[in-house]
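got a sequence here, can you model it:
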Amino acid sequence: MNLDELMFDDRGLIPVIAQDADNGGVLMLAWANREALERTLAEGRMVYWSRSRQELWRKGDTSDNVQHVQELRVDCDADVVLARVHQQGPACHTGERSCFFRGLDAVT
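Model (predicted):
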């Protein structure tokens, strides 16, 4: 596949799931636009689009918690990207290895 075949949403974004290439664990979910994916492919490290800051952000520029890309995969509908990465340090801004460190309890 190439970038022209991806199904970006009406804001020009596509969700990206970052997965640990070594153990398969899900690290985080972020968003990318076309430019972020172009830079990711060119640089070999993850670049995302910050919806809150409305700008590109290169994972690890301020935290040193870089994600080195092993491969990018696309789901069957071409509307989600799976980034298999080698994570340097924690992926989550809280310091946790993964952003998915909390369980969800049933409401009683």
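
every contact and neighbour count from this point should use C-alpha atoms.
Will do.

now whichever strand or helix holds residue 30: average pLDDT?
Taking DSSP states H and E as the definition, one finds residue 30 inside strand 26-32. For strand 26-32, mean pLDDT is 98.

mind listing what the residue nearest to residue 96 when sequence neighbours are not counted touches?
Among residues not flanking residue 96 along the chain, residue 90 sits closest, at 5.5 Å (CA to CA, 6 or more residues apart in numbering). With contact taken as CA atoms under 8 Å, 6 or more residues apart in numbering, residue 90 is in contact with 65, 96-98.

circling back: next SSE after the strand holding residue 30?
helix 34-43.

with only the CA atoms kept, save that following helix in PDB.
Extracted C-alpha coordinates of helix 34-43, given in PDB (Å, rounded to 0.1, in the frame of the first residue of the first chain):
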ATOM      1  CA  ARG A  34      -0.100  12.400   5.800                       C
ATOM      2  CA  GLU A  35       2.900  14.600   6.600                       C
ATOM      3  CA  ALA A  36       3.500  12.700   9.900                       C
ATOM      4  CA  LEU A  37       3.500   9.400   8.100                       C
ATOM      5  CA  GLU A  38       5.800  10.700   5.400                       C
ATOM      6  CA  ARG A  39       8.200  11.900   8.000                       C
ATOM      7  CA  THR A  40       7.900   8.600   9.900                       C
ATOM      8  CA  LEU A  41       8.800   6.700   6.700                       C
ATOM      9  CA  ALA A  42      11.700   9.000   5.900                       C
ATOM     10  CA  GLU A  43      13.200   9.100   9.400                       C
END
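
for it, name the packing helices and strands.
For helix 34-43, the elements it packs on are strand 47-50, judged by 3 or more CA pairs under 8 Å, 6 or more residues apart in numbering; DSSP states H and E.

circling back: host element of the residue nearest to residue 96?
Assigned by DSSP H and E, residue 90 falls within no helix or strand.
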